[in-house]
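>>> could you look at this predicted model? Sequence included:
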Amino acid sequence: MQAKGGSVGRRLETAAGLALMAALALLGEQLVRWVDLPGPVLGLGGYMLMLASGRFGWTLRGARWLAGGLGALIVAPLVAVGGNMQALAGHALPLALAFVAGVAVTGVTTAVVFVAADRR
């Protein structure tokens, strides 16, 4: 599905891409219950396979829009952690490592997906 010009076409393409991602998130939640694996990992893996097929490049506009707001989603958890530092003091190193590793893996995976999808 390619936008045929105009802002209406781009908006529809963005909305369709976001709807597909929401459906994948729901499917991931169901898979978590069935196979006991993290839903976001399954969803991202599924999305990567879909992009690799070459048929879902039209979802990139919505994915870019969503990825543009990820920084705002990180702020709230960091504020919560900062507000509870005394309670978490004994677990500071594992929490810091988990945060750094999570951000690094997410960033690298996102970059790889977008570079691979843009080559198609």
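Cool, the structure landed. Every value quoted in this text rests on a predicted model; they were computed, and no experiment measured them.

>>> low-scoring stretches of this structure, by residue?
Scanning the chain for pLDDT under 70 picks out the ranges 1-5, 37-40, 120.

>>> select the longest helix from it.
helix 6-35 (DSSP state H).

>>> buried residues in the helix or strand just after that helix?
For helix 6-35, the following helix or strand on the C-terminal side (DSSP states H and E) is helix 39-52. Using 16 or more other Cβ atoms under 10 Å as the test for burial, helix 39-52 gives Gly39, Leu42, Gly43, Leu44, Tyr47, Met50, Leu51. (Glycine included, C-beta is placed from N, CA and C.)

>>> of all those residues, which two lie farthest apart?
Gly39 and Leu51 (18.5 Å; Cβ to Cβ).

>>> need the three-state assignment for the nearest residue to Phe114 once chain neighbours are set aside.
Leaving aside its chain neighbours, Phe114 sits nearest to Leu60 (7.3 Å; criterion: Cβ to Cβ, 6 or more residues apart in numbering). Recorded secondary structure, Leu60: helix (DSSP: H, G, I helix; E, B strand; the rest coil).

>>> pretty sure Leu60 is in contact with Ala117, am I right?
Yes. At 5.6 Å, Leu60 and Ala117 qualify as touching, with contact defined as Cβ atoms under 8 Å.
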